[in-house]
Structure formats: C-alpha cells, structure tokens
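**Student:** Fold the following for me, if possible:
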Amino acid sequence: MSIISETMKKWADENEIALDEVQLERFEDYAKILVEWNEKINLTAITEPEEIAVKHFIDSLTVLKAFNIKKNASIIDVGTGAGFPSVPLKIVRDDIQLTMLDSLNKRINFLNQLCDELGIKAETIHSRAEDASRNKPYRESFDIAVSRAVANLPSLCEYCIPFVKKGGSFIAMKGKDGLAELESAKNAISILGGKCKENNDYITLPDGEKRIIFIIDKVQFTPEKYPRRGVKINKLPL
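**Tutor:** You can find the predicted model right below:
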C-alpha cells in the first residue's frame, strides 16, 4: 500500500469514513494525474504524495465531518481549481450530482480529463461565478455550494450564495483566520439570504494544521441585484 493509500485509510478509519480499495485506487490515480498535469499548467504547489493526501484529499473530506450531505444532493464547487474539495467528495460519495465551476479554461480541460480517467460523472462550467449565478439554470438551483478558500468570506458569500436554493446550504472552507472573516461577513450573509450555523469548530488535519468549515443555510431568496460585478464584490464587499 502506497503512502497516499496508507494516509487516507488511517484518517478515514479514525473518522468513521468508509474507503474501499476502488476509492483508494482513484485517489492514487488522482494524485498521479494532478502531478502530470501540473508540469503543463499551474494547478498546485503541493506535489509530494503525503502532502497531496493530507492538504488536498483529507482537507476536502473534512466537509463530511462538518456536514451531513443528503443522498443525491446537487453540489456546485465554485472556483474549484484542480477539483478541491468536490472531486474527493465525489470519489467517496458517488451519489452526489456534481457541478464544478472555474474561470480558467485550462483547469476545466484538466477536470474533464480527470473525470474521464477516474470514471466519475460531473458537469464542468467555464465561467466567472458572478456571471454563472445569473443564468437561470444555475441560479438558486443547487442543494449545496462549496468553496475552498478562494476569496475572503464576505466576497465568497456573494459569489456562492446566489447558487444555493432556499433551504440549501453554502459550505465555506477556511483556514486558521476563519473566525475573524466570519465576523466581517455577517452583513453579507444576511443581505444575501443566509444564516450561519453557530457550531463553528476547528478541525485539525494529520499534519497539525487547523481548518474551519462554515455552514451557511439559505433561509431567504437572494435579491436579484446580487451578485454584483466582480470588481465591486472584491473592492466593496457587502
């Protein structure tokens, strides 16, 4: 058993997450494809096998510790990059209906080939989040939107919450400074129709790094004027 499989299996067993041989093999293949493509396009600064297992795969799967994803849930991963956290989640939970969005077409090409080689089904969208969420097929149509640390939380909420249907949830994955970001995002969350759950606890990865996952429930429809254009979202956060 390789270092990736060993690391993944140990963590999964400790956290009562079932990983079979087929899933472990998919993680092995994912790491190999990621490193190969990384030589052609910039996907990640993390290329050592154990670090890939911990900082990408296990980090992604911490969502399963923080949130009970219902069967056949529709999920959009906003700013997915190299497929984190959504592809690891799909490997473990093949029932989820996955959509991955990214603004860079080279990454979309990588994701399409990755899914083909891993044998998983997913839709990919080449678009900016603020444009895609104004399109009728995507606006307020997903059970879950998820994003891993692609922007500060007030801006991230404006990018992601418009995708979530009323009654759904936005899952924001953040690092050690997450609680400070949450304080600055409370106004944005309220304006956009969300409400953050109170049980915000840090999760420790096997390498000792801290992560925090915010669960923001969609309790009201997002006003039609949001999201704004990207420049305003970033320069003038709600």
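**Student:** I figured residue 217 hits residue 197, correct?
**Tutor:** Yes - applying Cβ atoms under 8 Å, one finds residue 217 in contact with residue 197, separated by 6.7 Å. C-beta coordinates here come from the backbone N, C-alpha and C atoms, glycine included.
**Student:** Between the two, which has more neighbouring residues?
**Tutor:** residue 217 (16 against 13; other Cβ atoms under 10 Å).
**Student:** Name the nearest residue to residue 121, ignoring sequence neighbours.
**Tutor:** Of all residues not flanking residue 121 in the chain, residue 115 sits nearest, at 7.0 Å (Cβ to Cβ, 6 or more residues apart in numbering).
**Student:** For the helix or strand hosting the one you found, output the C-alpha coordinates as CSV.
**Tutor:** According to DSSP states H and E, residue 115 maps onto helix 105-118. The C-alpha trace of helix 105-118 is given here as CSV (Å, rounded to 0.1, in the frame of the first residue of the first chain):
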residue,chain,number,x,y,z
ASN,A,105,-10.4,27.0,-19.4
LYS,A,106,-7.1,25.1,-18.9
ARG,A,107,-8.3,23.9,-15.5
ILE,A,108,-11.7,22.9,-17.0
ASN,A,109,-9.8,20.8,-19.6
PHE,A,110,-7.9,19.2,-16.7
LEU,A,111,-11.1,18.4,-14.8
ASN,A,112,-12.8,16.9,-17.8
GLN,A,113,-9.9,14.5,-18.5
LEU,A,114,-9.6,13.8,-14.7
CYS,A,115,-13.2,12.8,-14.5
ASP,A,116,-12.9,10.6,-17.6
GLU,A,117,-9.8,8.8,-16.3
LEU,A,118,-11.3,8.3,-12.8
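**Student:** Run the chain-centre distance for it.
**Tutor:** 16 Å (Cα atoms, centre = their mean, to the nearest Å).
**Student:** Show residues contacting it.
**Tutor:** If you take Cβ atoms under 8 Å, 6 or more residues apart in numbering as the criterion, helix 105-118 is touched by 26, 29-30, 33-34, 37, 41, 43, 80-83, 87, 91, 100, 102, 121-122, 124-126.
**Student:** Could you give me the buried positions within the helix ranked longest in the chain?
**Tutor:** When the chain is parsed with DSSP state H, its longest helix is helix 21-38. Residues 23-24, 26-31, 33-35, 37-38 are the ones in helix 21-38 that count as buried (16 or more other Cβ atoms under 10 Å).
**Student:** so how many other residues sit close to residue 39?
**Tutor:** For residue 39, using other Cβ under 10 Å, the count is 9.
**Student:** what's the distance between it and residue 206?
**Tutor:** Computed as Cβ to Cβ, to the nearest Å, the residue 39 to residue 206 distance reads 27 Å.
**Student:** so residue 99 sits in a helix?
**Tutor:** No - Residue 99 is assigned strand when assessed by DSSP: H, G, I helix; E, B strand; the rest coil, not a helix.
**Student:** That one pairs with what?
**Tutor:** residue 76, residue 123 (DSSP bridges).
**Student:** sorry, back to before: now the buried members of the contacts of helix 105-118.
**Tutor:** The buried subset of the contacts of helix 105-118 - by 16+ other Cβ under 10 Å - is 26, 29-30, 33-34, 37, 43, 80-83, 87, 91, 100, 102, 122, 124-125.
**Student:** Tell me who's in contact with residue 167.
**Tutor:** 217-218.
**Student:** Read off the pLDDT value for it.
**Tutor:** We have a pLDDT of 98 for residue 167.
**Student:** the helices in this protein, which residues?
**Tutor:** Under DSSP H, the chain gives helices at 3-14, 21-38, 49-51, 59-61, 63-66, 86-92, 105-118, 129-132, 153-160, 178-191, 230-235.
**Student:** Please consider this matter closed, and thank you.
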